[in-house]
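[1] turn this into a structure:
(one chain, ligands or ions: 1)
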Amino acid sequence: MIYCNIAFVIISIWVCASVTAFSEDGIVLDKHHDYEEMTTILHDVKRKCADITHLHSIGESVQGKELWVIIISENPTVHEKGKPEFKYVGNMHGNEVVGRELLLNLVQYLCAEYLKGNSTVREITRSIRTHILVSMNPDGYEAAYKLPYPKDYVIGRNNANDVDLNRNFPDLGLVQCVTGDSNHLGFNREYMRIATEGLFLEPETQSVLEWIMSTPFVVSANLHGGDLVANYPFDNSCHGNNREYHGSPDDRTFQYLALTYSQNNPAMDTFTGCDLADGFDHGTTNGAEWYSVRGGMQDFNYLASNCMEITLELGCVKFPAAHKLPYYWKMNKESLLRYMETTTCGVKGFVKDADSGEPLPYSRIEVQGIDHYVVTAADGDYWRVLAPGNYNIRAVSEGYKPAAYQAVLVPECSLGSAMSISFFLRKNVPQESSLEEILRSLEVADE
Ligand SMILES: [Zn+2]
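    Numbering: from 1, shown residues only. Below you'll find the predicted structure:
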């Protein structure tokens, strides 16, 4: 009997070892994780890496599942002065699951490697506040998860109210098309009223929208599936046409961000599209040139806030078999890390009152020739991601004289490569009264 038990244990261990793929950090790579399992992993990471993680929910799905966000950073609970914020959003379409599993791997990887003393991960953790929403559509995921293979192509894409969350954001693209303005439209009440007319924001959309508008995010990516490409703004075509290039004022920088992801991913870099007609260039595409999307999250980020978001399509198969998942980790691990580092590229600094030294929040950082400003955060701190090149940059703040443009050479992006430029502004001096006005005021005083 004892021998039988020992044989059973040995066979069990052999079977487990032969079917489970672990990463070098002990991460289970070849398994899909449902809502309960995802939640368990996030709490495990929170426990193992308590000093550098903060787990919170930004809201609930239609069916009451938490929208978990794990923050990974030294001092994770607060925005630190001068530290840029980054986000990854996975599984917005519930049946597009590769991103969800990659983000679960990434969270575990960052924690394990931090504990091991990996110098790059330690530097990322020190210099970036990273927010990861593993699943934006947990209800849709559960619907797709329960289906047998081969999975339906559409079931689980939408949320539990059968709404496509990537068509459910305020349509600021419409405002941009009409006005030509792409600057912080989310802070303009009239523009937001027009963009949300006749639109019911789903609870998942509302939660993410509030999160975007309340956090000074710098860079972001939204992880999807069904093709293999890094897609950059605008998604929305002003003429409703598909296959019409619609670049944003930051087109060059967005191309650079998309290439940073695709060129570090051997599968994506050379891929031209699941559909031969796609014709992707080095694994990248302008959104509107591929197909037009209105009310998408990517354009909302850029038009409403400081945040520069791209959309990543991670493979032609939306819900691959579990044993294929280690391949996706292998292809994407480097890309996921390099893309995070772009948060620390371009130009950064502070805007302050030259006399008092007080920070000047909500000052504009303007780049000559690019009609898109970013604004300073509460501590007067800013980050302006830019593709490598020469730029002239200045700060403008209400009630202050605009700073003179400063020339800056932005180098190739690497972790921490942002150039530092701070601006110290002087208050506008009230116009001197004319002699005539002074005399008139004296006459009034005499009476
Ligand atoms: Zn999608």
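
[2] near the ion, which residues of the stretch 101-250 of the chain are found?
    Neighbours of the ion within the stretch 101-250 of the chain, by C-beta under 5 Å from the ion: His224. Any C-beta I mention is one placed from the backbone N, CA and C, and that applies to glycine too.

[3] in the stretch 101-250 of the chain, which residue sits nearest the ion?
    His224 (3.3 Å; C-beta to the ion).

[4] do the same with the stretch 1-150 of the chain
    His93 (3.6 Å).

[5] what's the burial count for that residue?
    For His93, the count of nearby residues is 27 (other C-beta atoms under 10 Å).

[6] phi and psi next, for the residue nearest to it when sequence neighbours are not counted.
    Spatial nearest neighbour of His93, chain neighbours left out: Arg157 (4.6 Å); criterion: C-beta to C-beta, 6 or more residues apart in numbering. Main-chain dihedrals, Arg157, degrees, to the nearest 10: phi -60, psi -50.

[7] re earlier: surely the residue of the stretch 101-250 of the chain closest to the ion and Cys316 touch.
    No. Between His224 and Cys316 there is no contact under C-beta atoms under 8 Å: 11.7 Å.

[8] ok, these two, which is more surrounded?
    A count of neighbours by other C-beta under 10 Å puts His224 above the other of His224 and Cys316, at 23 against 14.

[9] who's in contact with that one?
    92-93, 96, 99, 166, 311-314 (C-beta atoms under 8 Å, 6 or more residues apart in numbering).

[10] what is the nearest of these to Asp278?
    Nearest to Asp278 among the contacts of His224 is Glu313, at 10.0 Å by C-beta to C-beta.

[11] for whatever residue of the stretch 301-447 of the chain ends up closest to the ion, give me its contacts.
    Of all residues in the stretch 301-447 of the chain, Glu313 sits closest to the ion, at 7.4 Å by C-beta to the ion. Going by C-beta under 8 Å, 6+ apart, Glu313 touches 224-231.

[12] list the contacts of the residue nearest to it when sequence neighbours are not counted.
    In this structure, Glu313 finds its nearest non-sequential neighbour in Asp227, 4.0 Å apart by C-beta to C-beta, 6+ apart. By C-beta under 8 Å, 6+ apart, the residues touching Asp227 are 273-275, 278, 313, 315-316.

[13] same question for Ala288.
    So Ala288 contacts 234-237, 242, 244-246 (C-beta under 8 Å, 6+ apart).

[14] please enumerate the strands of the stretch 201-350 of the chain.
    Assigned strands in the stretch 201-350 of the chain, in chain order: 217-224, 227-232, 284-286, 308-315, 347-353 (criterion: DSSP state E, counting those that start in this stretch).

[15] sheet partners, orientation included, of the first one?
    Next to strand 217-224 in the sheet, as set by DSSP bridges, lie strand 85-90 (parallel), strand 308-315 (parallel).

[16] which residues touch the first one?
    To tie it back to what came earlier, the one meant is strand 85-90. Residues outside strand 85-90 that contact it (C-beta under 8 Å, 6+ apart): 79, 99-100, 102-103, 106, 128-136, 208, 215-223, 297, 307, 336, 340, 343.

[17] list the buried residues of stretch 311-330.
    311-315, 317-320, 322, 325-329 (16 or more other C-beta atoms under 10 Å).

[18] okay, now the domains of the chain?
    Annotated domains of the chain cover 22-344, 347-425 [automatic domain parsing].

[19] isn't there a helix covering Ser57?
    No. Assessed by DSSP: H, G, I helix; E, B strand; the rest coil, Ser57 does not belong to a helix; its assignment is strand.

[20] beta partners for it?
    Counting by DSSP bridges, the residues bridging with Ser57 are Trp68.

[21] need the contact list for the spatially closest residue to Asp235 that is not a sequence neighbour.
    In space, and not counting its chain neighbours, Asp235 is closest to Gly287: 3.4 Å by C-beta to C-beta, 6+ apart. Going by C-beta under 8 Å, 6+ apart, Gly287 touches 231-236, 246, 293, 296, 298-299, 311.

[22] how close does the residue of the stretch 301-447 of the chain closest to the ion get to Val98?
    The gap separating Glu313 from Val98 is 9 Å, by C-beta to C-beta, to the nearest Å.

[23] which neighbours do those two have in common?
    Between them, Glu313 and Val98 share the neighbouring residues Gly225, with contact defined by C-beta under 8 Å, 6+ apart.

[24] now stretch 130-144, how far from the chain's geometric center?
    In terms of C-alpha atoms, centre = their mean, to the nearest Å, the centre of stretch 130-144 is set 15 Å apart from its chain centre.

[25] next: stretch 327-342.
    For stretch 327-342, the distance to the chain centre is 14 Å (C-alpha atoms, centre = their mean).

[26] for it, buried residues please.
    327-329, 331-333, 335-342.

[27] between those, which is nearest Arg252?
    Thr342 (13.6 Å).

[28] pretty sure the closest one sits against Leu259.
    No. At 10.5 Å, Thr342 does not count as touching Leu259 under the criterion of C-beta under 8 Å.

[29] hang on, the earlier thing: please name the bridge partners of the residue nearest to Glu313.
    Here Asp227, judged by DSSP bridges, has bridge partners Gly315.

[30] how about the strands paired with strand 217-224 in a markdown table, adding distance to Trp68 and mean pLDDT?
    Listed next are those as a markdown table, based on distance: least, C-beta to C-beta, whole Å; pLDDT from 0 to 100:
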| stretch | distance to Trp68 | mean pLDDT |
| --- | --- | --- |
| strand 85-90 | 11 | 98 |
| strand 308-315 | 20 | 98 |
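
[31] the helix or strand hosting Ile132 pairs with which strands, and in what direction?
    Per DSSP states H and E, Ile132 falls inside strand 129-133. If you go by DSSP bridges, strand 129-133 pairs up with strand 66-72 (antiparallel), strand 85-90 (parallel).

[32] any part of stretch 84-91 near the ion?
    No. Counting by C-beta under 5 Å from the ion, the ion is not contacted by stretch 84-91; separation bottoms out at 9.1 Å.

[33] for the protein, give me the ranges with low pLDDT.
    For the chain, the stretches flagged by pLDDT under 70 are 1-19, 430-447.
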